[in-house]
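Q: Predicted model and sequence follow; I will ask about them next.
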Amino acid sequence: MTLVELFDICQIENIITGLKFLPDKIIFVGYKTVMTKKRQSDLRRFAKLRGMRTVMEYEVVSRYDYGDIFRKLQEIVDSNTDCIFDLTGGKELVLVAMGEISAMRSVPMLQVNIRTGEVTAVKNCGKLPPQHRAVMSIAETVALNGGAVIDNDTQSAYRRMDGEFKRDIENLWEICRKNCGLWNRQSNLFGSFERFGSIDENFTVRVNLTHYKALKNEAAPDTGIIKSLLKFGLLCDYSLKDGRLSFRYKNRRVRNCMVKAGNILEAYIYILALEIAEETPGFYDEIAMGVLVDWDGLFKGGGMLSGDTTNEIDIMIMRNAIPFFISCKNGEIKKEALYELDTIANKFGGEYSRRFVFATYVSSDTESRKYILQRAKDMKIEVIEDLHRMEKNEIVAAMRKRVR
């Protein structure tokens with residue numbers, strides 16, 4: 001089977017039908033300004049990453065010369081008797097030319113709904129080849145859109161998700177949700193203790209609070225939070241004497257959840273997504289936390305090029321071929337966070353990507369809250385707020401309903 005594909009600026013439209021039918025060859029027909037060398041290179045890198053054996057060819061046509069488009073398509077049909085025209089993503093004169101040639105020469109035409117995966121037999125289709133479920137991984141969708149996923153400590157740590165670590169995350173979230181603002185301040189304290197004091201290979205932190213306060217002018221750790229952490233075994237060997245503070249984190253993964261405000265909310269949403277996938281196989285195809293992406297996907301000697309632009313996505317989920325970008329905010333949402341999420345989702349997911357902000361609250365100011373929610377709506381970002389007031393089953397229900 002040879003698939004004749006109208007090359008679109010949206011890369012998922014270029015490849016979705018190929019994923020459904022796994023043709024021997026795809027011939028991309030497009031305009032020079034759209035079918036750029038970079039986009040062709042990204043498609044080849046995607047195919048290599050996926051292990052596709054499909055041959056890809058590219059035919060450039062004039063945007064405004066109908067005769068040129070018509071002749072080129074006729075030549076393709078003459079040379080490939082098993083071809084099928086795919087209208088997914090097609091625009092302007094190429095669609096008209098395909099329709100005319102299909103009518104003249106009985107060439108099958110079809111279209112794929114990218115969101116549902118359904119195939120519409122437009123004309124002359126008869127019995128179509130076998131279909132496959134069009135599924136992409138996170139690495140593949142990022143590569144398709146010109147970037148690359150870089151493995152990092154966060155992803156490595158959270159791949160090893162076991163029952164004990166899930167319970168630790170749930171306990172940390174229960175402590176956090178009682179007073180999110182206080183938890184954020186405490187998290188910042190934990191992080192700065194390491195910078196102004198020390199942490200060893202056993203994750204024991206030591207800091208001179210007298211010296212620390214002189215530099216930072218901040219209070220000692222909150223007694224209530226410390227008691228709860230000790231109760232659940234998340235902190236051990238806690239000692240505060242003569243201004244000298246020392247304690248030990250349970251392990252590296254627990255420490256990672258505690259040293260930066262917001263980390264625990266990310267981890268909690270991540271484990272809920274994993275539970276949904278476990279309870280309903282196939283609901284999500286891939287879930288990752290702390291996805292570090294390189295914008296141009298160019299590497300040298302196995303590492304990033306110096307000065308490369310990177311971003312870290314809090315949580316990324318794949319369902320079929322649709323990517324979900326989730327930003328977690330355990331506190332006020334700033335407009336910059338919306339712009340960043342919108343930019344990343346557009347770059348690495350395109351127009352079919354879905355984007356969400358999971359937040360404890362939007363803003364304490366009424367006007368600011370209205371502005372942020374309207375701005376998010378304009379950017380097609382769904383905001384799920386007041387998470388700290390919701391029980392686990394309520395958050396799971398919201399995710400099942402909206403992140404799908």
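A: Arrived safely, thanks for sending.
Q: quick one, what contacts P130?
A: Neighbouring residues of P130 by Cβ atoms under 8 Å, 6 or more residues apart in numbering: F21. Using the backbone N, CA and C atoms, a C-beta is placed for each residue, glycine as well.
Q: Tell me how far stretch 71-91 lies from the chain's centre.
A: Distance of stretch 71-91 from the chain centroid (Cα atoms, centre = their mean, to the nearest Å) equals 34 Å.
Q: Please spell out which residues along that stretch are buried.
A: Across stretch 71-91, burial judged by 16 or more other Cβ atoms under 10 Å covers 72-73, 76-77, 80, 83-90.
Q: I would like the residues contacting it, please.
A: 1-8, 10, 13-14, 16-17, 21, 23, 25, 27, 29, 59, 61, 94-95, 97-98, 101-102, 105, 107-112, 114, 122, 125.
Q: Now flag whichever of the buried residues of stretch 71-91 is closest to R319.
A: Relative to R319, the closest of the buried residues of stretch 71-91 is T88; by Cβ to Cβ it sits at 18.7 Å.
Q: from the buried residues of stretch 71-91, which ones fall inside strands?
A: Among the buried residues of stretch 71-91, the members falling in strands (DSSP state E) are 83-86.
Q: got CSV for the residues you listed, with distance to G282 too?
A: Converted to CSV, those look like this (distance: Cβ to Cβ, whole Å):
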residue, distance to G282
C83, 32
I84, 28
F85, 31
D86, 26
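Q: average model confidence for stretch 395-404?
A: Average pLDDT, stretch 395-404: 94.
Q: Just the residues contacting that stretch, thanks.
A: With Cβ under 8 Å, 6+ apart as the test, stretch 395-404 has contacts from 269, 272-273, 275-276, 283, 317, 319, 324, 326, 354, 356, 382, 384, 387, 390.
Q: Now with 7 Å, please.
A: With contact meaning Cβ atoms under 7 Å, 6 or more residues apart in numbering, stretch 395-404 is reached by 272-273, 276, 317, 319, 324, 356, 382, 384, 387.
Q: Report the distance from that stretch to the chain centre.
A: Stretch 395-404 sits 16 Å away from the centroid of its parent chain (Cα atoms, centre = their mean).
Q: Secondary structure of T116: a helix, I assume?
A: No: counting by DSSP: H, G, I helix; E, B strand; the rest coil, T116 is not part of a helix but coil.
Q: what number of residues lie near it?
A: When neighbours are defined as other Cβ atoms under 10 Å, T116 has 9 of them.
Q: ok, now E394?
A: For E394, the neighbour count with other Cβ under 10 Å is 12.
Q: Can you report phi and psi for it?
A: Backbone torsions of E394, given as degrees, to the nearest 10, read phi -70, psi -40.
Q: what about the residue of the chain positioned farthest from its centre, distance to T210?
A: Centroid-distance maximum for the chain: D242 at 47.2 Å, with Cα atoms, centre = their mean. Distance, D242 to T210, by Cβ to Cβ, to the nearest Å: 9 Å.
Q: Right, I'll leave it there.
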